[in-house]
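Asker: mind folding the following:
(chains A and B)
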There are 2 protein chains.
Amino acid sequence: MNTKITEILGIEFPILQGGMAWVSEHKLAAAVSNAGGAGIIAGGNAPADVIRAEIHRAKALTTKPFGLNIMLMSPNSDDLAQIAIDEKLAFVTTGAGNPGKYIEAWKSAGIKVIPVIPSVGLAKRMARAGADAVIAEGGEAGGHIGEISTMCLVPQVVDAIEIPVIAAGGIADGRGMAAAFMLGAQGVQIGTAFLAAHECQIHENYKKLVVGAKDTDSIVTGRIATTHPVRGIKTKFARAMLDLEKSGCTAEDFEVRTAGALKKAVDGNIEEGSFMCGSIAGMISREGSAEEIIREITKVAGGLLSK
Amino acid sequence: MNTKITEILGIEFPILQGGMAWVSEHKLAAAVSNAGGAGIIAGGNAPADVIRAEIHRAKALTTKPFGLNIMLMSPNSDDLAQIAIDEKLAFVTTGAGNPGKYIEAWKSAGIKVIPVIPSVGLAKRMARAGADAVIAEGGEAGGHIGEISTMCLVPQVVDAIEIPVIAAGGIADGRGMAAAFMLGAQGVQIGTAFLAAHECQIHENYKKLVVGAKDTDSIVTGRIATTHPVRGIKTKFARAMLDLEKSGCTAEDFEVRTAGALKKAVDGNIEEGSFMCGSIAGMISREGSAEEIIREITKVAGGLLSK
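Answerer: Just a heads-up that it's a prediction; the model follows:
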């Protein structure tokens, strides 16, 4: 399981934990890093002080490398970019935009830079800007998504750039990890499977929805009314939001109705929560520790890849 | 490359050619079968006599096994089901519905039955009805599609049924085939890559769009206005159809505007054609013979799987 990704990040297994806003906090990140993967704290829209405190708490739980995910549309992204430097984090992953303006400062500080990208074009731009690797995330992933599936995206990104590619979207077991490696990836990012980790602090209602989901229980909303579609569990609320946008609501209407819905999900609000997660939730059938999840995935993937 | 699929169908490589309406005719099907794969003639909505003639022409070009794809929504599906028996075809693949009522007759005639399925639920139903295998087709495929990606669908279907699973959607090279095998598939169905086959009789305009497509040039229409979404190349016409349904048109309006559009694409009509193909078109960069395509895919997949 040694790849360029384990080398670059100094980790045992080439598994990154997804940077999930409101979800990826210090306990989950530290647990994943302690298990040999690369934990990530998600900046989301949180104030800088909150994230700094999260990083300190994670450092109290692990001496292993972990990273920070910065959502570039966040009003606090400048502050978070600086915190990564101040805290000498191992790496940064970025989403929802172009991190070009931060890359030089991060690289000078020895921080590895790994943007999440939904297309070949953005992968090339990130490689040119000096990224150390990219996360090619397929549209079957959870949360904010692109339109190209993992199966289609990963090999095309691998062909287009020289830096290593981490596959994300639809990967929750060793078969998925082995498949990603066949496509040319040198690592995987896993989000949804870690929603079922004991160390994940989301409400039990959220975990139950993920563990109970069937293959067909995934839904994408925001594809019609807005330009940033989101994937999650097909709850009554999510279906109502899809009906709303099918009825021709404006982007503003839609934003008002869904504002704060992820936080509500994390707090267990079934009626108004947006339970973001990947389409692979249908595969996840039980909770376990982050270590158990990583051991199981790497055992199966290792077996398949060494056949 | 010997799997249950090569055994069942008596073919050299576990590669089925996609059953593409108006596209999968006798020359392509015979070329794929002669190259060691399993060619397929697509019934589509064609009259029974036309399909019987296609089968006779294919038999004149190959002595290898080939199959018939029956779209179960077609008004001629009863006739096509009988033709498969009369012509003693090796196998039948089915789409757009439940082939339950034909399965007994086909099996009595020694015809292998391989339904295309978009979900675990339908896979289970087909296995119970006596199917010999299923084609688990991810939503990145071309033409009429489901919502679950190949990466998510294939392993969940493999876990749910005992019969062999063929993966489809997003597979156009040896890496994709090897990935599908890691997910548990015992064969692959490939459509889009064969659009670029010399033996494929579509208009040169269609081939050029496929070969010239980038990763982001795929679009899904019919997801909003109708219940049967279709994937194809993001032409001006396809974008206009998406705008039409976003503006709140009725299903009837949408059907009227898109009726006959696939046939127009096959005839090279850029302005009004629906150039159906998978999201993996971005990977396809040149034309070649069906034999070259199959040799290249199996060489790379074989290399990856024997490492």
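
Asker: what does the stretch 101-250 of chain A put close to chain B?
Answerer: A:119-121, A:138-140, A:147-153, A:155-156, A:159, A:169-171, A:173, A:175-176, A:178-184, A:214-216, A:218, A:223-224, A:246-248 (C-beta under 8 Å from any C-beta of the partner chain). No exception for glycine: its C-beta is placed from N, CA and C like everyone else's.

Asker: taking these, please make a ChimeraX selection of just the buried ones.
Answerer: Here is the ChimeraX command that selects the buried residues among those (16 or more other C-beta atoms under 10 Å in any protein chain shown):
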select /A:119,120,138,139,140,147,148,149,150,151,152,153,155,156,169,170,171,173,175,176,178,179,180,181,182,183,184,215,216,218,223,224,246
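
Asker: which of the residues of the stretch 101-250 of chain A next to chain B fall in strands?
Answerer: A:Ser218 (DSSP state E).

Asker: distance check, A:Ala35 against A:Met1.
Answerer: As for A:Ala35, its distance to A:Met1 is 13 Å (criterion: C-beta to C-beta, to the nearest Å).

Asker: who touches both of these two?
Answerer: Here A:Ala35 and A:Met1 have A:Phe13 as joint contacts, going by C-beta atoms under 8 Å, 6 or more residues apart in numbering or on different chains.

Asker: neighbour count winner among these two?
Answerer: Neighbour totals were compared for A:Ala35 and A:Met1, and A:Ala35 leads with 25 against 18 (other C-beta atoms under 10 Å in any protein chain shown).

Asker: could you find the closest non-adjacent residue to that one?
Answerer: A:Glu291 (4.0 Å; C-beta to C-beta, 6 or more residues apart in numbering or on different chains).

Asker: which SSE is that neighbour in?
Answerer: helix A:290-305 (DSSP states H and E).

Asker: buried residues in that helix?
Answerer: Quick answer for helix A:290-305 (16+ other C-beta under 10 Å): A:Ala290, A:Glu291, A:Ile293, A:Ile294, A:Ile297, A:Thr298, A:Val300, A:Ala301, A:Leu304, A:Leu305.

Asker: what's the closest of the residues you listed to chain B?
Answerer: Closest approach between those and chain B, by C-beta to the nearest C-beta: A:Leu304, at 5.5 Å.

Asker: so where is chain A shaky, pLDDT-wise?
Answerer: Within chain A, no stretch has pLDDT under 70.

Asker: so which residues of it form helices?
Answerer: A:4-9, A:26-34, A:48-61, A:77-86, A:100-108, A:120-129, A:150-160, A:174-182, A:192-195, A:204-212, A:236-246, A:251-258, A:261-266, A:290-305 (DSSP state H).

Asker: hey, C-alpha coordinates of the first one in CSV?
Answerer: Spelled out, that is helix A:4-9. In CSV, the C-alpha atoms belonging to helix A:4-9 read as follows (Å, rounded to 0.1, in the frame of the first residue of the first chain):
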residue,chain,number,x,y,z
LYS,A,4,3.3,8.5,-3.8
ILE,A,5,0.5,9.6,-1.6
THR,A,6,1.7,7.7,1.5
GLU,A,7,5.2,9.1,0.8
ILE,A,8,4.0,12.7,0.3
LEU,A,9,1.9,12.7,3.4
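
Asker: not counting it itself, show me its contacts.
Answerer: A:11-14, A:16, A:38, A:65, A:90-91, A:112, A:132-133, A:164, A:166, A:186-187.

Asker: do the same with the second one
Answerer: Counting contacts by C-beta under 8 Å, 6+ apart, the residues outside helix A:26-34 that touch it are A:11, A:15, A:17, A:38-41, A:54-55, A:57-58, A:61-62, A:64-66, A:194, A:197, A:199-201, A:289-291, A:294.

Asker: so what's A:Ser24 up against?
Answerer: With C-beta under 8 Å, 6+ apart, A:Ser24 has these contacts: A:Gln17, A:Gly18, A:Gly39, A:Ile40, A:Ile41, A:Ala42, A:Asn69.

Asker: which non-adjacent residue is nearest the second one?
Answerer: Looking back up the chat, that one is A:Gly18. Using C-beta to C-beta, 6+ apart, the nearest residue to A:Gly18 is A:Gly191, at 2.7 Å.

Asker: what's the burial count for the closest residue to A:Ser289 other than its chain neighbours?
Answerer: Distances taken as C-beta to C-beta, 6+ apart place A:His198 nearest to A:Ser289, at 4.9 Å, with adjacent residues excluded. A:His198 has 16 neighbouring residues, counting by other C-beta under 10 Å.

Asker: is it true that A:His198 touches A:Ala290?
Answerer: Yes: contact criterion C-beta atoms under 8 Å: A:His198 and A:Ala290 qualify, at 7.5 Å.

Asker: please name the residues that touch the residue nearest to A:Ser289.
Answerer: Contacts of A:His198 (C-beta under 8 Å, 6+ apart): A:Glu287, A:Gly288, A:Ser289, A:Ala290.

Asker: what does A:Lys307 give?
Answerer: So A:Lys307 contacts B:Leu305 (C-beta under 8 Å, 6+ apart).

Asker: so how far is B:Gly176 from it?
Answerer: For A:Lys307 relative to B:Gly176 (C-beta to C-beta), the value is 18 Å.

Asker: what do you get for A:Asp253?
Answerer: 40 Å.

Asker: same thing with A:Asn205?
Answerer: Taking C-beta to C-beta, one finds A:Asn205 at 38 Å from B:Gly176.

Asker: ok, now A:His203?
Answerer: 38 Å.

Asker: quick one: furthest residue from the center of chain A?
Answerer: Within chain A, the residue lying farthest from the chain centre (C-alpha atoms, centre = their mean) is A:Ser247, at 30.8 Å.

Asker: show the contacting residues for it.
Answerer: B:Gly248.

Asker: the residue lying closest to A:Ala290 once chain neighbours are set aside - how many residues pack around it?
Answerer: The spatially closest residue to A:Ala290, leaving aside those adjacent along the chain, is A:Ala31, at 3.8 Å (C-beta to C-beta, 6+ apart). Neighbour count of A:Ala31, defined by other C-beta under 10 Å: 25.

Asker: perfect, that will be all.
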